[in-house]
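1. quick one, structure for this:
(4 chains)
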Protein chains: 4
Amino acid sequence: MKSVALFGAGFIGTVHGRNLAADPRVSLSYIYDADASRAASLAAELGAETADSVEQVLGDPAVDAVVIASSTNTHADLLTASARAGKAIFCEKPIDLSLEVAERAVAAVERTDAPVMVDFCRRFDPPYAALRKAVADGEIGEVELMQMSSRGPSLPPISYLEVSGGQMFDQLIHFFDLMCWITGLEPVSVTVTGSALVDPQVAEVGDVDTSVAVLKLGNGAICQIDAQRRIGYGYDERIEVNGSTSMVEAGRQRTGWVNHYEAGSVRTDGMHPGWFERSEHTFKASIGAFIDAIEAGRAPSPNLADGLRAQRIANAATTSLREGRTVAID
Amino acid sequence: MKSVALFGAGFIGTVHGRNLAADPRVSLSYIYDADASRAASLAAELGAETADSVEQVLGDPAVDAVVIASSTNTHADLLTASARAGKAIFCEKPIDLSLEVAERAVAAVERTDAPVMVDFCRRFDPPYAALRKAVADGEIGEVELMQMSSRGPSLPPISYLEVSGGQMFDQLIHFFDLMCWITGLEPVSVTVTGSALVDPQVAEVGDVDTSVAVLKLGNGAICQIDAQRRIGYGYDERIEVNGSTSMVEAGRQRTGWVNHYEAGSVRTDGMHPGWFERSEHTFKASIGAFIDAIEAGRAPSPNLADGLRAQRIANAATTSLREGRTVAID
Amino acid sequence: MKSVALFGAGFIGTVHGRNLAADPRVSLSYIYDADASRAASLAAELGAETADSVEQVLGDPAVDAVVIASSTNTHADLLTASARAGKAIFCEKPIDLSLEVAERAVAAVERTDAPVMVDFCRRFDPPYAALRKAVADGEIGEVELMQMSSRGPSLPPISYLEVSGGQMFDQLIHFFDLMCWITGLEPVSVTVTGSALVDPQVAEVGDVDTSVAVLKLGNGAICQIDAQRRIGYGYDERIEVNGSTSMVEAGRQRTGWVNHYEAGSVRTDGMHPGWFERSEHTFKASIGAFIDAIEAGRAPSPNLADGLRAQRIANAATTSLREGRTVAID
Amino acid sequence: MKSVALFGAGFIGTVHGRNLAADPRVSLSYIYDADASRAASLAAELGAETADSVEQVLGDPAVDAVVIASSTNTHADLLTASARAGKAIFCEKPIDLSLEVAERAVAAVERTDAPVMVDFCRRFDPPYAALRKAVADGEIGEVELMQMSSRGPSLPPISYLEVSGGQMFDQLIHFFDLMCWITGLEPVSVTVTGSALVDPQVAEVGDVDTSVAVLKLGNGAICQIDAQRRIGYGYDERIEVNGSTSMVEAGRQRTGWVNHYEAGSVRTDGMHPGWFERSEHTFKASIGAFIDAIEAGRAPSPNLADGLRAQRIANAATTSLREGRTVAID
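-> This is a model prediction of the structure:
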């Protein structure tokens, strides 16, 4: 039985809190949120205690692990402090919007031996794991082309976009990680083309809502990622990996199994309404893998190095978008 | 170059005539139809001559082969006369509505050495041929269950139903043939359940428009065939053959390749509007195989024995439907 | 909070026990099984108590409801005794293999006011509920043809078949219920064709492993059900309902979303390995609906009348199979 | 009846020749090829005459139209000469590998009133026409993202690549045309990332075999095109057009309709083996539309302006690929 505390009781914190509460291997001890009433409400639902401060949580030797699901600007400090307090850590991505801050935090954590997992939950989607296995098993030969689509149903509030780090950071970071994880390859350069089509305010805050990132990988393979903030037909996320001998695809996921045969057309179920309905199971699997690892005394994966790599790619992609040129990735 | 004459210039005669005219190995000589103006019109379109009588056609030694596409009640006599005149024969199914008449005609033909092909054109549908191959190659193990659907978009005129021989004869005869051809098995009994749901007049003329025939095959396998005269979503024809180790299916055929992703649903193209759009290519392939056979001096297939077998099954099925009991098939 | 006791700690009892234990509205009180060690093991897993006898359970006024998941031959007595003890009852199908015994038990229960739900869990499969809604909403017009397939991956042990009541009773009873529930129609007759193809011992115990049941419904519509005990490609369960204006289908369910594009073929995931993987979610939904009903003081559905109706159809189907004739259903 | 002459009796010339010969509205008069024996062989097959020279063809007043299917470096001169001779012209793409030469030829043709059609045959693929119609009808709202895939089964000979103009010119030119035609939008810039992965000789002749072109359209929409010369799974060509309200897709085309349900997987037919099997019908439709236009006295479409536009895009794309930067398109 691991005692786990939760920082952050917002949307994602609530998701993690519920998954932790339902895991028989976990005792959800404290919930802390800067908004005390939000913490109290979630704690009541899940039968946990609220903490008055971060210090209370980190100072309690009974706490084995912490889950960092608070706002992005608190991640780096919480990571550092939790690692120094000897806690195992499950941290939401990104580490920080500033790569420099993120790198400093990672360096500080590395001086401890705290096990840290970064929540790239899509790695726990069975179809994506199947793609990775097909590549690793040599089923498709050498990777030569990869196509990813990440298309959401609605533009987030402009106020959110202003603090999100931009579409590369906020939406594509998961796919930068998947690209490396599935192919086992590192990118050497990125070129991004983007537009603000949905709302002129998107451009005013320096962001885009529709973009295509093209990455060249170390072996010369090319990965293209199209990203849209608002499409009309729900949520659409697909990946193709095309190798020298065959292709594997994590295709459209159906949400039902009923087909309507009508005069002139056959109608099937539509897409998931949003990213959460599509990905909900991956959150449970991701935090479950963290508990697996700390129970077994294994280093969890994905780790901070994975987190930094994805941020470096997102940084380069953002530079490419702003400066209209191909940017090398070290 | 084979000189081929055509009996019958109605719908099916026109289909055969056009396919013959487009075949560079064929010279379409005469067209004969009891309705002389219909013959003249098709002959003009296809650059053929009209014949004044059957005798003129059969008496012309330049004619190598005849295609019998006239009304069903003329088939038996034309078969016999054409065989006696030494012509190769391509004959529309059925041989005759009366099994006795059909058997007499076949016996008469067998006393000649005229090569005869019966137009079970669906054997020339590539998916059905693939099913047969999968069975013959042992891909699915022993055949254990077969499912066929034959569903048309609209009820034929009642006047047609009155002379059609009924749903077993008119619609299912193709599928009785396919059942034997694909599985390589013969039926031992048939049980039919039917209803007249579309129009009360269907019952008044002693027919049904919706039926399910269940046949037991020689090895104990079971074949079910559902037949509908009028469905609301176009034309639907599908076959599954389920064996002891795996299953093969000739599934829904799409008519286009465009998918519309909309809020709440994904819409694709509908079914073919009717049996002819679905099966048009099989008519060309079927008559082409007849020309192949007579050019090569091979016996064409399917032959009169296949035609008689399908009629015997249709006869037993009709008896089952009328008498409400399982009927053995010799 | 409802206190619920469980009779039966076998496969299905374990499924129900786990679902009850995970339901925050339920306190799982006793577990009773004729095999005390089996009961003890499940009770330990789920944090429940074992009962020494049925009487102990029924005599405890704190127990609100019982779940009957013991062997079929105990259902009728447990139903009667539990109803007389004033408990709400969730009962596995069938009520009894003997229709007479089942009818007597139902009559006895009806003299109490105990709420009883019969576990036709497939009604809680979302695609099947969608078919029912499409019919009820008039989306497909009048029901005219229905096609159901129920195909399992492996023959149960012959010892099981001997006490199962036969394929009509053991496998098709769910589909008889679905047929009525989805269409809102009652059958008037049934005709069954069956074979023992998998193992000669199936025939020796008077059963079949491959069968097709054809039912005529009150409006003249025809329903065909094919049932196989052992197919080579996993578990396959599908339903089509074809109406006068359109068709709805609960089609093949995929188990993954990965497509492999290879030279000459495209390969996708296969079927579920067995009925439980395909239907697991319906057990949770079914018992959840029972708890919903007793919490709300509503009569649960499906009820004993539904259970009896399905058994009457299964009885008639068994007679048809044995006597080789169409059997009327009152 | 139009008298049509054919320049070029190679692969594409043969395709056009056969389609012309089968068109009842066309009399195929001359066939000319620099390789006289090739011309003679095709002329014999199709019942046409050979010409000794281009001049002989253009000097014959009976010739209404010419089809230019000779090698690319002859297109510009044949276009100019044929136009001056007053012939209607059907010309294979591209007009010339040099944009300057092409522009000069087009200017010369424009000084005549010869009707000219450029063979962008994919416009005659029904799914692509359906995409265009969906956009034009406003079905998908504003175009925001377009995805095209063009993937072939095998690398052409290096000797061909050397004279092909490169992957942008040789393979993508069709898709540049489709992009404009389907969306009704013009591109403002293009950015290409490419690699030579299949064979090092591809790089040695200054070409790539795997590339992604990203184009920004006039309204800010983004179009991505992935192109591969050699994939392992046949020929794959697909298009998605994603608009502000919904998405339409011309998806994978099946080559058969047979599904194999096996233990652990469902296997379906594979892709077309090559571009010609996938596109054969479009050649017939394209040249048929040319005959339609000249019979009706209408200007044919696509025309030389379409041809020049696609070349300008291909030119800019080639520059982008060579210089590693985004290139503006006037």
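2. alpha carbons only: can I get stretch A:117-129 in CSV?
-> Backbone C-alpha positions of stretch A:117-129 (Å, rounded to 0.1, in the frame of the first residue of the first chain) are rendered in CSV as follows:
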residue,chain,number,x,y,z
MET,A,117,7.6,9.7,-14.2
VAL,A,118,6.3,12.3,-16.7
ASP,A,119,2.6,11.8,-17.8
PHE,A,120,2.9,11.2,-21.5
CYS,A,121,-0.2,9.1,-21.1
ARG,A,122,-0.7,8.4,-24.8
ARG,A,123,2.1,5.9,-24.6
PHE,A,124,-0.4,3.8,-22.7
ASP,A,125,-2.9,3.7,-25.5
PRO,A,126,-2.9,0.1,-26.7
PRO,A,127,-2.9,1.0,-30.5
TYR,A,128,0.1,3.3,-30.1
ALA,A,129,1.9,0.6,-28.1
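3. all helices for chain A, in order.
-> For chain A, the helices identified by DSSP state H occupy A:11-21, A:36-46, A:54-59, A:75-84, A:99-110, A:126-136, A:158-164, A:167-170, A:173-183, A:200-204, A:275-296, A:304-323, in order along the chain.
4. go through those and name the closest to residue B:306.
-> Proximity to residue B:306 (CB to CB) singles out helix A:126-136 among the helices of chain A, at 46.6 Å. For the C-beta atoms, the positions are set from N, CA and C on the backbone; glycine is no exception.
5. does the closest one come close to chain D?
-> No. Under the criterion of CB under 8 Å from any CB of the partner chain, helix A:126-136 makes no contact with chain D; the nearest approach is 12.3 Å.
6. now stretch A:196-209
-> Yes. Contact between stretch A:196-209 and chain D, assessed by CB under 8 Å from any CB, occurs at A:196, A:197, A:198.
7. out of those residues, who's nearest chain D?
-> The shortest distance between chain D and any of the residues of stretch A:196-209 next to chain D, using CB to the nearest CB, involves residue A:197 and amounts to 5.2 Å.
8. thinking again about what came up before, quick one: which of the residues of stretch A:196-209 next to chain D has the most company?
-> Most neighbours among those, by other CB atoms under 10 Å in any protein chain shown: residue A:197, with 24 neighbours.
9. residues contacting residue A:117?
-> With contacts taken as CB atoms under 8 Å, 6 or more residues apart in numbering or on different chains, residue A:117 has the following neighbours: A:89, A:90, A:91, A:286, A:289, A:290, A:293, A:300, A:301, A:302, A:303.
10. now list the buried members of those residues.
-> When burial is judged by neighbour count using 16 or more other CB atoms under 10 Å in any protein chain shown, the buried members of these are A:89, A:90, A:91, A:286, A:289, A:290, A:293, A:300, A:302, A:303.
11. closest to residue B:156 among the residues you listed?
-> When the buried ones among the contacts of residue A:117 are compared for distance to residue B:156, the smallest value, 60.7 Å, is given by residue A:286; criterion: CB to CB.
12. can you pull the residues of the stretch 151-300 of chain A lying near chain D?
-> The interface of the stretch 151-300 of chain A toward chain D, taken as CB under 8 Å from any CB, is made up of A:151, A:191, A:193-198, A:210-212, A:214, A:216, A:219-222, A:224, A:226, A:228, A:230-233, A:236, A:242-247.
13. repeat the analysis, applying 7 Å as the threshold.
-> Residues of the stretch 151-300 of chain A lying near chain D by CB under 7 Å from any CB of the partner chain: A:191, A:193, A:195, A:197, A:210, A:212, A:214, A:216, A:220, A:222, A:224, A:226, A:228, A:231-233, A:242-247.
14. ok, for residue A:122, nearest residue in space, not its chain neighbours?
-> On the basis of CB to CB, 6 or more residues apart in numbering or on different chains, the spatially nearest residue to residue A:122 that is not a chain neighbour turns out to be residue A:174, at 5.2 Å.
15. can you give me the neighbour number for that neighbour?
-> 22.
16. same question for residue A:190.
-> Counted with other CB under 10 Å, the burial measure for residue A:190 works out to 28 neighbours.
17. residue contacts, it?
-> Residue A:190 is in contact with A:213, A:215, A:313, A:316, A:317, A:320, A:327, A:329, counting by CB atoms under 7 Å, 6 or more residues apart in numbering or on different chains.
18. what pLDDT does the model give it?
-> At residue A:190, the predicted lDDT confidence score is 98.
19. beta partners of it?
-> According to DSSP bridges, residue A:215, residue A:327 are recorded as the beta-bridge partners of residue A:190.
20. what does the one 5 residues further on give?
-> On the basis of DSSP bridges, residue A:195 takes part in beta bridges with residue A:210.
21. now swap in residue A:26 and tell me
-> Residue A:26 has these beta-bridge partners by DSSP bridges: residue A:2.
22. what residues of stretch A:268-279 count as buried?
-> When burial is assessed from 16+ other CB under 10 Å, stretch A:268-279 yields the following buried residues: A:268, A:269, A:270, A:271, A:272, A:275, A:278, A:279.
23. the second one and residue D:12: what is the separation?
-> Taking CB to CB, to the nearest Å as the measure, residue A:269 falls 44 Å from residue D:12.
24. sorry, back to before: of all the helices of chain A, which lies closest to residue C:129?
-> Comparing the helices of chain A against residue C:129 with CB to CB, the closest turns out to be helix A:275-296 (18.8 Å).
25. got the angle between that closest one and helix A:173-183?
-> Here helix A:275-296 runs at 60 degrees with respect to helix A:173-183, directions being taken by axes from the mean of the first three to the mean of the last three CA atoms, to 10 degrees.
26. all set, thanks.
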